[in-house]
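Student: Any chance you can model this:
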Amino acid sequence: MKYLLVLLVVLAGVWIWRSRRAAERPPAPLTPPPPARRPLAQPSAMVACRHCGLHLPASDALAGPDGPYCSAEHLRLGPAQRTGRVRDAN
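Tutor: Numbers count the residues shown, from 1 in each chain. Reported below is the predicted structural model:
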């Protein structure tokens, strides 16, 4: 119990010391407002590679006769041959 009383007295002293110190401190200068934000860029259209299905921006895709491709190698290989089987989700 004695230690609890000593702790309370010390905490009260620190609180009084900090409150007086804060009262003596001059007020903080006003900070200028933050600069205005630039408007966000418009989102670009996304396309899927005809070979692997990777989604990429239309501006980065390579145009092929069958549609967009993610790389020159996939453009050369052409569309992937789908077996029609559904992959197991696990």
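Student: Mind listing residues that contact the helix ranked longest in the chain?
Tutor: As far as residue count goes, and with DSSP state H defining each element, the longest helix of the chain is helix 2-24. When contacts are taken as Cβ atoms under 8 Å, 6 or more residues apart in numbering, helix 2-24 has no neighbours outside the stretch itself. Yep, even glycine has a C-beta here, placed from its N, CA and C like the rest.
Student: Of all residues in the chain, which one is nearest the centre?
Tutor: A centroid search over the chain (Cα atoms, centre = their mean) returns L40, at 14.5 Å, as the residue closest to the centre.
Student: can you pull the buried residues of stretch 56-70?
Tutor: Neighbour counts using 16 or more other Cβ atoms under 10 Å place L56, A61, G64, P68, Y69, C70 of stretch 56-70 among the buried residues.
Student: right, and the first one touches A45 too?
Tutor: The reference is to L56. No. With contacts defined as Cβ atoms under 8 Å, L56 does not count as touching A45, sitting 10.3 Å away.
Student: Report the helix or strand with the lowest average pLDDT across this structure.
Tutor: When the helices and strands of the chain are compared on mean pLDDT, DSSP states H and E, helix 2-24 comes out lowest with a mean of 89.
Student: How far away from the center of its chain is that helix?
Tutor: Using Cα atoms, centre = their mean, to the nearest Å, we find the averaged C-alpha position of helix 2-24 to lie 42 Å away from the chain's own average C-alpha position.
Student: Sketch out the low-pLDDT regions of the protein for me.
Tutor: Low-confidence regions of the chain, defined by pLDDT under 70, span residues 83-90.
Student: the strands in it, which residues?
Tutor: Along the chain, the stretches classed as strands by DSSP state E are 46-48, 55-57, 62-64, 67-69.
Student: right, and those - which one's nearest L30?
Tutor: strand 55-57 (43.6 Å; Cβ to Cβ).
Student: The closest one packs against which elements?
Tutor: The helices and strands touching strand 55-57, judged by 3 or more Cβ pairs under 8 Å, 6 or more residues apart in numbering; DSSP states H and E, are strand 46-48.
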